[in-house]
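Trainee: Following is a predicted model, sequence given first.
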Amino acid sequence: MDDQLTQLERLALLHAQGALTQEEFAAEKARILSAAHDQTPERRTGTWDKPRAETKQPPRKVQRKTAMIALAGLAGLIGAGSYYVLRGQDSTSPAASEPPTSLPAPSPTPTPAASTDMAPATAMPLDDSIQFANAANCEASKGTEALFNNILTPPQGDVANISAKPIRVGPDQIEIIPAFNKQAGEGSDTVYESVATFPQPSTWHGLRVTGVSASLYVIPEADSTYTRQIRFKEDPGALRAALNRQGFNLPRAPAYAELQDDACGGSMQIVDMPEGSALQCSWGC
């Protein structure tokens, strides 16, 4: 029995250290237990069929108790071996190739932790990336103005120069490449639009933001209309209430609030989106 337990202990330790696969561990454990079974007095002397009194076999309750103690000790060794490996022992290091001089007291095998693949992703805050110097007039801060100008680069007097550049947002300055699109409008008009979609989940002042966009409606021989959007997952009513608490004073489309601009007029409103709503600001003469 002592030799059997010694072999089982070494087997459990090798399995815990990763030297044996689960299949190899099970096969070797079965071999050890089978060999021990063949070495019982009845097997050795050929007296298997003799009455219990002649072989002096212990009562069945004693046998069960002995087996349970052996299995409990084996489970404790497996748990202790797992603890030893998780404490940072490298399987290739000399310390891992030899049994430890002492092991923690046997304890139940710990319940495996939930897979990190199922854990929810950490939200990316955008409060510092998108800011307004004057919310009531939809006036962006200097940094946010530069961000929108990258999403849809101004034409610099030549419509052919309209383009989109990558932007960086969030605490980790994640790079996002906007999706740029050019399409024909009414008659000879042209519409340029660029959309930057944020990784999910992303938040802005507690709201679930999906992205930002900028568009330019170019009318030949006339002034053009420029529009910006911050897109959210919230419905229009919830978005309007949240933004108005920040000083935007927004109505819901088709109503709008007028913006004050020295060169041209503008408007600000909440518009419906396929999966939520958006804060929209537009300028044009």
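Mentor: Noted; the coordinates are in hand.
Trainee: Each with direction, which strands does the longest strand along the chain pair with?
Mentor: Ranked by number of residues, the top strand in the chain under DSSP state E is strand 207-218. The pairing partners recorded for strand 207-218 under DSSP bridges are strand 190-197 (antiparallel), strand 202-204 (antiparallel), strand 225-232 (antiparallel).
Trainee: Let me know which of those is tucked in deepest.
Mentor: strand 225-232 (a mean of 21; mean count of other C-beta atoms under 10 Å). In short, each C-beta sits where N, CA and C put it, glycine included.
Trainee: the domain parsing of the protein - what is it?
Mentor: What automatic domain parsing lists as the domains of the chain is 2-111, 124-284.
Trainee: rank those domains by pLDDT, which is bottom?
Mentor: Across the domains of the chain, domain 2-111 has the smallest mean pLDDT, namely a mean of 53.
Trainee: Between the two ends of stretch 169-183, what distance do you get?
Mentor: In stretch 169-183, first residue to last residue: 28 Å (C-alpha to C-alpha, to the nearest Å).
Trainee: wouldn't Leu126 be in contact with Ser202 here?
Mentor: Yes - the criterion here is C-beta atoms under 8 Å, and Leu126 meets it with Ser202 at 5.7 Å.
Trainee: Need the overlap of contacts for the two.
Mentor: Contact criterion C-beta atoms under 8 Å, 6 or more residues apart in numbering; residues shared by Leu126 and Ser202: Gly170, Val209.
Trainee: tell me what whichever strand or helix holds Thr6 is packed against?
Mentor: Thr6 is located in helix 2-16, with elements delineated by DSSP states H and E. With contacts defined as 3 or more C-beta pairs under 8 Å, 6 or more residues apart in numbering; DSSP states H and E, helix 2-16 has these neighbours: helix 22-38, helix 60-86.
Trainee: List the buried residues for it?
Mentor: Residues of helix 2-16 classed as buried: Leu5, Gln7, Leu8, Glu9, Leu11, Ala12, Leu13, Leu14, His15, Ala16 (neighbour count, 16 or more other C-beta atoms under 10 Å).
Trainee: Now that the third one has come up, it's in contact with Lys29, right?
Mentor: Yes - in this structure, Leu8 is within contact of Lys29 by C-beta under 8 Å, at 6.8 Å.
Trainee: what do the two both touch?
Mentor: Overlap between the contact sets of Leu8 and Lys29, as judged by C-beta under 8 Å, 6+ apart, is nil.
Trainee: could I get the strands paired with strand 207-218 as a markdown table with distance to Asn149?
Mentor: Output for these, formatted as a markdown table (distance: least, C-beta to C-beta, whole Å):
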| stretch | distance to Asn149 |
| --- | --- |
| strand 190-197 | 11 |
| strand 202-204 | 19 |
| strand 225-232 | 10 |
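Trainee: who wins for proximity to Gly170 among these?
Mentor: Of all these, it is strand 202-204 that lies closest to Gly170, at 7.5 Å by C-beta to C-beta.
Trainee: which residues sit against that closest one?
Mentor: With contact meaning C-beta under 8 Å, 6+ apart, strand 202-204 is reached by Ala123, Met124, Pro125, Leu126, Asp127, Ile130, Gly170, Arg208, Val209, Thr210, Ile230, Phe232.
Trainee: quick one: secondary structure of Leu239?
Mentor: Classification of Leu239 using DSSP: H, G, I helix; E, B strand; the rest coil returns helix.
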